[in-house]
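S.K.: Sequence isn't available, so here's the structure alone:
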């Protein structure tokens with residue numbers, strides 16, 4: 001059965017300021033959606049709300065995933081249900097290796113499904129992790145480094161993609177994964193996403209720029225303005241934005257732009 005993430009008339013405030021003002025969106029497992037829009041329009045707010053950040057207060061609407069209202073679940077429960085968020089600014093955790101972090105996260109998911117599960121055996125986990133690293137062209141010595149501690153921007157984003165590959169989500173939200181990446185790092189990260197996206201995983205790619213969409217081809221492109229999704233179309237909509245910017249969107253939806 002195909003998993004579906006459905007956002008219904010979602011309203012969200014931060015510090016009593018309304019940010020999202022009725023977002024409607026449906027992402028199916030196996031689809032790639034791109035969400036674009038100017039700074040401050042609510043794209044990252046949507047990402048953090050989906051994963052349950054406590055500073056983002058939902059004032060209306062629903063988020064249904066696999067028939068369950070995500071808004072009633074804690075962040076770890078949302079993750080175990082099959083939702084994943086790749087952060088724009090991944091946090092460093094000195095003293096915790098990439099391998100230990102991933103094994104702990106994987107075991108938590110297994111035990112949530114079966115409390116009697118003793119966790120993935122270390123030899124099995126090592127085999128799994130090496131296979132994921134080889135698939136994503138990540139050096140094996142990555143496993144022993146402390147998570148994001150001293151990592152370059154590209155290494156941090158690759159670590160996020162490695163987490164995604166290991167946890168095997170059904171829907172992944174990528175919050176400006178292209179932020180701060182040079183051309184080579186962008187290509188490597190995008191290739192990793194392409195290898196994971198497919199029948200078993202859907203993705204919502206949040207970005208300012210069309211450049212990552214040169215590598216990750218979306219099924220649908222959405223434009224957010226004034227806390228709402230105002231326009232949706234095929235992949236060439238992103239090219240249209242690259243050529244003309246957002247002024248035509250602001251003119252078309254002037255009331256929402258000024259809200």
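M.R.: Arrived safely, thanks for sending. All of these numbers come straight from a predicted model, not from anything done at the bench.

S.K.: got any ranges where the stretch 1-150 of the chain has weak pLDDT?
M.R.: By pLDDT under 70, the weakly predicted segments of the stretch 1-150 of the chain are 1.

S.K.: Which parts of it are helices?
M.R.: Secondary structure of the stretch 1-150 of the chain, counting by DSSP state H, counting those that start in this stretch: helices at 43-51, 75-81, 98-113, 122-136.

S.K.: tell me what the second one is packed against?
M.R.: Same thing as helix 75-81. Applying 3 or more Cβ pairs under 8 Å, 6 or more residues apart in numbering; DSSP states H and E, one finds that helix 75-81 contacts helix 43-51, helix 98-113. C-beta: built from backbone N, CA, C; applies to glycine.

S.K.: How about the first one?
M.R.: The elements that helix 43-51 packs onto, with contact taken as 3+ Cβ pairs under 8 Å, 6+ apart, are strand 4-14, strand 17-28, strand 32-36, strand 56-65, helix 75-81, strand 83-86, strand 171-175, strand 202-206.

S.K.: The last one now?
M.R.: In this structure, helix 122-136 makes packing contacts with helix 98-113, helix 153-167, helix 183-196, judged by 3+ Cβ pairs under 8 Å, 6+ apart.

S.K.: Need the residues that contact the second one.
M.R.: By that I understand helix 153-167. By Cβ atoms under 8 Å, 6 or more residues apart in numbering, the surrounding residues in contact with helix 153-167 are 79, 84, 86-87, 90, 98, 101-102, 105-106, 109, 128-129, 132-133, 135-136, 138, 142, 147-148, 151, 172, 177, 179-182, 184-185, 188-189, 192-193, 195-196.

S.K.: mind checking which of the helices and strands packed on helix 43-51 is nearest residue 226?
M.R.: strand 17-28 (6.6 Å; Cβ to Cβ).

S.K.: that older thread, winner for burial among the helices and strands packed on helix 75-81?
M.R.: helix 43-51 (a mean of 22; mean count of other Cβ atoms under 10 Å).

S.K.: And the contacts of that helix?
M.R.: Contacts for helix 43-51 (Cβ under 8 Å, 6+ apart): 5, 7, 10, 12, 14, 19-20, 23, 35-37, 55-56, 58, 63, 70, 75, 78-79, 83, 85, 88, 173, 175-176, 204, 206, 224.
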